[in-house]
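> build me a structure from this.
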Amino acid sequence: MSGSHFPTTRMRRLRYHPAVRELVRETRLAPSNFILPLFVCEGSGQRRPIASMPGNFQLSTDELAKEIHEAASLGLGGVILFGIPAEKDA
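Sure, this is the predicted structure:
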């Protein structure tokens, strides 16, 4: 066997700070890690399904508020809004 020995102390100075420990910890998923995409359209009382994205809807602002409150109650990390114009340019 060679003369080199495995160190008896493990240097973990980089893991001393909580922010660094969070970067190197095991991956875990929680509702707060997710962002809900919401699609906003003009009008009121609108909840139109998006054919190419099953389970997603174009929502008017009044319906959007309800959806955001539900997402917050579930503990989601946030929402991202996508505006859908009434008329598209070429």
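> report pLDDT for the nearest residue to residue 60 once chain neighbours are set aside.
Nearest non-adjacent residue to residue 60, counting by CB to CB, 6 or more residues apart in numbering: residue 46, 3.8 Å away. C-beta coordinates here come from the backbone N, C-alpha and C atoms, glycine included. In this model, residue 46 is scored at 93, pLDDT.
> equivalent analysis for residue 33, please.
The model's pLDDT for residue 33 equals 89.
> doesn't residue 75 make contact with it?
No: using CB atoms under 8 Å, residue 33 is not in contact with residue 75, being 10.0 Å away.
> follow-up on the earlier one: isn't the residue nearest to residue 60 right next to residue 67, touching?
No: distance between residue 46 and residue 67: 12.0 Å, which falls outside the contact criterion (CB under 8 Å).
> now do the shared contacts for these two.
Common neighbours of residue 46 and residue 67, using CB atoms under 8 Å, 6 or more residues apart in numbering, are residue 59.
> in this structure, which spans are strands?
Ranges of strands within the chain are 35-40, 47-49, 57-59, 78-83, based on DSSP state E.
> these: which one's closest to residue 17?
strand 78-83 (25.4 Å; CB to CB).
> that closest one packs against which elements?
strand 35-40, helix 61-73 (3 or more CB pairs under 8 Å, 6 or more residues apart in numbering; DSSP states H and E).
> that older thread, residue contacts, the residue nearest to residue 60?
By CB under 8 Å, 6+ apart, the neighbours of residue 46 are 58, 59, 60, 63.
> just the closest of those to residue 25, please.
Distances from residue 25 to those, taken by CB to CB, are shortest for residue 59, at 36.1 Å.
> and the closest one, bridged to which residues?
Judged by DSSP bridges, the bridge partners of residue 59 are residue 40, residue 47.
> any of the contacts of residue 46 buried? List them.
58, 59, 60, 63 (16 or more other CB atoms under 10 Å).
> now render these as a markdown table, adding distance to residue 86 and pLDDT.
Shown next, in a markdown table, are the buried ones among the contacts of residue 46 (distance: CB to CB, whole Å; pLDDT from 0 to 100):
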| residue | distance to residue 86 | pLDDT |
| --- | --- | --- |
| 58 | 11 | 96 |
| 59 | 14 | 97 |
| 60 | 11 | 96 |
| 63 | 16 | 96 |
